[in-house]
Every structure is written in C-alpha cells, then in structure tokens.
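A.B. asks: Predicted model and sequence follow; I will ask about them next.
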Amino acid sequence: MLIDFTVQNYRSIKEPVTLSAVAQQQGTRSGSQNNKRKRVKSNSEIAPGYLVEGWNIELLPVLAIFGANASGKSNVIQALDYLLLLMVNGNQETSRLQKTFRYAKLDTFKLDNISSKKSTVFELRTTFNNAIYTYSLEIIQSHIISESLEYALIDTKRTRRLFSRAWDENTKTSIWKNGSSFKGPHTQLQSSIRENEPYISTLIKLKVDILEPLFNWLRGRFIGIHLASDEFDIFGFMLILQDSEEAQNFHHNLFEQALNIVKNFDTGLSGIKIDRKSQENTEYKLYALHRDNEGKEISWSLDEESLGTQRLFNLAYRMLIALKIGSLTIVDELGTNIHPNIVKNIIKLFQNPNTNPKRAQLIFTSHDNTLQRNNLLRRDQIWFTQKRADQSTELYPLSDFHVRNDLAIDKAYLDGRFGAVPFLPSDEEMILKGDELCQES
C-alpha cells in the first residue's frame with residue numbers, strides 16, 4: 001500500500017509537497033446533542049484505516065484532492081503517475097509511451113530561472129508484509145543524479161539500504177553502494193545501466209525475492225491516469241487479448257462484472273460486443289448493445305455512447321481490477337460526465353473492507369464539493385491545492401484546520417474557509433472589464 005508520496009520541482013510544484021495516506025490519530029467524533037439528525041460519524045465508521053502491524057499506523061483507502069483550476073491538483077497525481085511509470089518501464093519505454101498516449105512527463109517549475117534548471121526529486125514510501133520500502137529518485141532530463149531503495153523490517157524498524165547510486169560529476173558516472181541484504185547476480189548489471197535509466201526498472205524484470213511484494217504492486221497497476229479520457233482503454237484491452245488464456249479468462253470475468261455495474265446504474269446498456277477481425281489480428285471494434293421497446297437488440301459503436309457511460313465503463317473495469325488484486329488507481333476529475341451518486345458509490349466500494357479486502361487504494365481529484373458532505377470522506381482524506389504568491393502549488397489536508405465536528409465542509413469550502421478556491425472579480429468588475437474590451441475592439 002502507498003504510505004506517502006513527496007515531490008519537488010515538478011511542473012507547478014516548486015517546494016516539496018507530500019500526499020499522505022497515513023490516518024490521523026483522532027478520537028470518535030460526534031455531532032451536537034441538539035442535532036442528532038446530522039450526527040457526524042466517527043472516522044472508523046466513514047472509512048476504517050488499514051492497520052500496518054507493528055508500526056502503529058493506519059493507511060487510508062481513498063484520498064481526494066480539491067482545488068481551483070490551475071492550482072496544481074492534477075500535477076500532484078501526474079507526478080506520482082510519472083514516477084510509477086518510470087519505475088516500471090524505464091526512461092526509454094516511458095518516452096515512447098508519452099509520445100503515443102497522454103501520460104505524465106518530466107517537467108520542472110519554470111516560473112523562476114533557478115528552479116527551471118534544477119533537478120526534480122521524488123520519494124515514495126510503501127508497505128508490504130509489514131515492511132516499509134522507501135524509494136528516492138533525483139533526476140534531470142539528461143541523467144539520474146541519485147537513486148536509492150531502502151527498507152525497514154518490523155522486528156528492528158531500522159532502515160537498511162538495498163541499493164543506492166549517486167552521480168559523480170568528475171567521472172561522469174554513477175557511484176553504487178549495495179546493502180548486505182541485496183547481494184546477488186542482479187548487482188552485476190549496475191555497471192551497464194544507462195545514466196538516464198532508473199535501476200529499479202531493470203530489477204522489476206528480474207527475480208529479486210526481497211522486492212517481489214513491491215514489484216507485484218507496481219506491475220498490477222494500470223499505467224497512466226488518462227487525464228479526462230472518456231473512452232474505454234483500447235490499448236490496455238489489446239494487451240489483455242494477447243495474454244495467456246488464464247489471464248484472458250480473468251479479465252473476461254472482470255469485463256462482465258464491469259458491464260453489470262454500468263447496467264445497474266441505469267445507463268440503458270444491455271451489453272458490449274467485441275468484434276475482432278481475426279484471431280491473429282489484435283485490431284477490433286467495440287459495440288454498445290441496447291434493446292428497443294419490442295425487446296430487439298440494437299447495436300452501435302461504443303464511441304457513439306454517451307461520454308458518461310464510456311467513462312463509467314472504463315472506471316468500473318479499472319477499479320474492479322484494483323479491488324481484485326489490491327493495487328492503486330489514480331483518476332483525474334473523477335466526477336467528469338458521471339452523476340455524483342455514482343461517484344459516491346465508487347468511493348464506498350474502496351471504503352468498505354468487505355468490498356475491498358485486498359486493500360486497494362484510490363487517489364482522485366475533483367471539483368465536486370458534494371463529495372465533502374454527508375460523512376462520505378474523513379477529514380484526513382480530503383486534501384486541497386492552492387497557489388502561493390510565486391504561483392507554485394501548495395498541498396495540505398483538511399485535518400490541518402481545527403473546525404467544529406458538525407461544520408458543513410462543502411459550504412465552508414466554497415466560502416473560502418480552507419483556501420483552494422479561485423479569487424473571482426465582482427459581477428460589476430467583470431461587466432466593466434467586458435465593456436473595456438468591447439470599446440477596444
């Protein structure tokens with residue numbers, strides 16, 4: 001599971017910001033005795049945290065980021081997506097994917113001359129089998145400045161190095177160090193690793209027992225977050241069709257489950273047909289199936305279906321896989337073209353231990369402030385982004401604010417109590433400005 005993620009000097013993010021899934025240690029919250037109808041649920045009632053045994057921490061299944069347009073909330077999850085993409089695929093393959101698909105790219109903060117020329121720094125902390133792994137990466141476009149992977153076991157809690165590399169500017173090479181727990185033939189590859197390639201992307205292709213829990217989590221995640229994508233993931237499904245028969249059966253069952261979810265949300269869809277031109281050719285077309293008043297089946301291309309239905313099917317398919325194997329799902333603008341009640345049900349699937357026994361996690365951005373009401377999210381699950389004076393992104397949780405338990409969070413948010421909302425001119429100012437523009441033209 002993800003513990004936390006820190007990034008510095010990435011797009012609108014200048015200073016380090018940290019997105020944390022660690023639950024805040026809080027007592028039971030209760031509402032006013034005079035207002036029992038609006039009783040505030042306790043944190044454990046809203047979303048019970050997953051205990052990491054021996055470490056005295058609980059991790060949250062869902063994190064939601066809210067903020068004004070251009071405040072940087074998408075950049076936070078893009079930075080995380082870029083790092084995960086790079087860890088799995090390496091620099092060369094990541095560059096190829098970026099040219100073909102709308103995946104996150106490496107880019108620095110460009111609004112001052114110093115940051116634009118400096119490196120980008122990432123740190124990712126995860127936990128598997130009660131061990132904590134910390135991966136750190138400092139990178140510029142031409143080469144990796146430093147890379148390290150450490151872990152801490154439950155018995156000693158002492159941080160141990162697995163490997164580290166540091167760029168030596170004099171020799172133009174990396175200096176490597178390996179921990180005693182990391183011995184093996186895989187260390188012999190270090191001398192041949194390119195200066196701009198992360199070592200971990202090579203290790204993930206090998207059998208390294210101590211890293212298998214981390215690698216399984218990385219491999220199980222859908223690459224990319226497909227910003228504002230409303231179409232079904234054709235590329236991902238093509239890969240599935242080329243996979244083993246066992247994998248195809250696994251994904252076929254999930255495909256049917258996703259279809260049932262979409263049908264149950266009253267979309268009018270009765271089925272989806274996959275038309276392959278041949279068994280050898282991976283080219284195919286998807287058709288949406290409906291029934292007319294006489295029960296006759298009617299079909300048309302899936303891309304003619306409503307954008308909401310297309311995106312819902314895509315999300316349902318991805319999230320079912322995440323829930324099945326316990327992976328991480330990242331979604332930008334979760335509520336786009338989808339009814340808020342459906343979004344709330346999706347969140348509840350991740351919040352409920354019965355529907356999420358494998359401890360999958362969901363991180364999303366949204367403008368829908370209704371998701372902040374009715375005890376849907378804990379206060380430590382709600383995060384905000386806003387611009388600093390230098391136009392860089394600030395990231396902080398709602399739990400930083402000490403407000404009464406029965407406060408209507410959604411209304412207070414729109415009123416600017418927590419920042420992270422746009423500063424708008426008055427109606428009169430907008431009209432006067434519009435008149436000026438008309439006169440100029």
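C.D. replies: Yep, it's here.
A.B. asks: residue nearest the centroid of the chain?
C.D. replies: Ile330 (2.5 Å; C-alpha atoms, centre = their mean).
A.B. asks: Quickly list what it is bridged to.
C.D. replies: Ile363 (DSSP bridges).
A.B. asks: Okay, now the unreliable bits of the stretch 1-150 of the chain?
C.D. replies: Where the stretch 1-150 of the chain drops to pLDDT under 70, the residues are 26-39, 100-103.
A.B. asks: Would you map the strands across it?
C.D. replies: 2-8, 17-20, 50-52, 57-59, 62-67, 120-128, 131-139, 144-152 (DSSP state E, counting those that start in this stretch).
A.B. asks: among those strands, which is nearest Arg219?
C.D. replies: Closest approach to Arg219 among the strands of the stretch 1-150 of the chain (C-beta to C-beta): strand 120-128, 12.8 Å. C-betas here are computed from N, CA, C, even on glycine.
A.B. asks: can you list the domains in the chain?
C.D. replies: Following automatic domain parsing, one gets these domains for the chain: 2-221+327-414, 234-311.
A.B. asks: got CSV for these, with distance to Tyr317 too?
C.D. replies: Shown next, in CSV, are the domains of the chain (distance: least, C-beta to C-beta, whole Å):
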stretch, distance to Tyr317
domain 2-221+327-414, 11
domain 234-311, 4
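A.B. asks: which one of those domains lies closest to Val421?
C.D. replies: Between the domains of the chain, domain 2-221+327-414 lies closest to Val421; by C-beta to C-beta that is 5.5 Å.
A.B. asks: Check whether Thr385 really touches Ile77, as I assumed.
C.D. replies: No: the pair Thr385 / Ile77 is not scored as a contact, 10.4 Å apart, by C-beta atoms under 8 Å.
A.B. asks: in the stretch 251-400 of the chain, which ranges drop under the pLDDT threshold?
C.D. replies: Applying pLDDT under 70 to the stretch 251-400 of the chain flags the ranges 277-283.
A.B. asks: how about the helices in it?
C.D. replies: Along the stretch 251-400 of the chain, the segments classed as helices by DSSP state H, counting those that start in this stretch run 307-325, 340-351.
A.B. asks: Quick check: which of those has the most neighbours on average?
C.D. replies: Among the helices of the stretch 251-400 of the chain, helix 307-325 has the highest mean neighbour count (mean count of other C-beta atoms under 10 Å), at a mean of 21.
A.B. asks: How far off centre is stretch 407-427?
C.D. replies: Computed by C-alpha atoms, centre = their mean, to the nearest Å, the chain-centroid distance of stretch 407-427 equals 25 Å.
A.B. asks: list the contacts for the closest residue in space to Leu289 that isn't next to it in sequence?
C.D. replies: The shortest distance from Leu289 to any non-neighbouring residue, by C-beta to C-beta, 6 or more residues apart in numbering, is to Gly271 (3.8 Å). Going by C-beta atoms under 8 Å, 6 or more residues apart in numbering, Gly271 touches 259, 289, 297.
A.B. asks: one more time with 10 Å
C.D. replies: Going by C-beta atoms under 10 Å, 6 or more residues apart in numbering, Gly271 touches 256, 259, 263, 287-291, 297, 299.
A.B. asks: Could you give the number of residues near Leu85?
C.D. replies: Leu85 has 23 neighbouring residues, counting by other C-beta atoms under 10 Å.
A.B. asks: Go ahead and confirm it touches Arg96.
C.D. replies: No: assessed by C-beta atoms under 10 Å, Leu85 is found out of contact with Arg96, at 11.2 Å.
A.B. asks: what's the spacing between Pro357 and Gln24?
C.D. replies: According to C-beta to C-beta, to the nearest Å, Pro357 stands 24 Å off from Gln24.
A.B. asks: the more surrounded of those two?
C.D. replies: Remark: of Pro357 and Gln24, Gln24 carries more neighbours, 16 against 11, as counted by other C-beta under 10 Å.
A.B. asks: residue contacts, the more buried one?
C.D. replies: 43, 49, 58, 60, 378-381, 397, 399-400.
A.B. asks: What remains of those if I keep only buried residues?
C.D. replies: By neighbour count, with 16 or more other C-beta atoms under 10 Å, the contacts of Gln24 hold 43, 49, 58, 60, 378-381, 397, 399 as buried.
A.B. asks: Turn those into JSON lines, including distance to Leu334.
C.D. replies: Formatted as JSON lines, these follow (distance: C-beta to C-beta, whole Å):
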{"residue": "Asn43", "distance to Leu334": "22"}
{"residue": "Gly49", "distance to Leu334": "21"}
{"residue": "Glu58", "distance to Leu334": "23"}
{"residue": "Leu60", "distance to Leu334": "16"}
{"residue": "Arg378", "distance to Leu334": "17"}
{"residue": "Arg379", "distance to Leu334": "19"}
{"residue": "Asp380", "distance to Leu334": "19"}
{"residue": "Gln381", "distance to Leu334": "13"}
{"residue": "Pro397", "distance to Leu334": "18"}
{"residue": "Ser399", "distance to Leu334": "21"}
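A.B. asks: nearest to Pro198, of those residues?
C.D. replies: Nearest to Pro198 out of those is Leu60 (C-beta to C-beta; 27.5 Å).
A.B. asks: so that closest one sits right up against Gln381, yeah?
C.D. replies: Yes: using C-beta under 10 Å, Leu60 is in contact with Gln381, at 5.5 Å.
A.B. asks: Need the overlap of contacts for those two.
C.D. replies: Residues touching both Leu60 and Gln381 (C-beta under 10 Å, 6+ apart) are 21, 23-24, 43, 47, 49, 351.
A.B. asks: As JSON lines, the contacts of Gln24 with distance to Thr370 would be great.
C.D. replies: As requested, the contacts of Gln24 are exported to JSON lines (distance: C-beta to C-beta, whole Å):
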{"residue": "Asn43", "distance to Thr370": "20"}
{"residue": "Gly49", "distance to Thr370": "24"}
{"residue": "Glu58", "distance to Thr370": "26"}
{"residue": "Leu60", "distance to Thr370": "20"}
{"residue": "Arg378", "distance to Thr370": "16"}
{"residue": "Arg379", "distance to Thr370": "16"}
{"residue": "Asp380", "distance to Thr370": "19"}
{"residue": "Gln381", "distance to Thr370": "15"}
{"residue": "Pro397", "distance to Thr370": "19"}
{"residue": "Ser399", "distance to Thr370": "20"}
{"residue": "Asp400", "distance to Thr370": "22"}
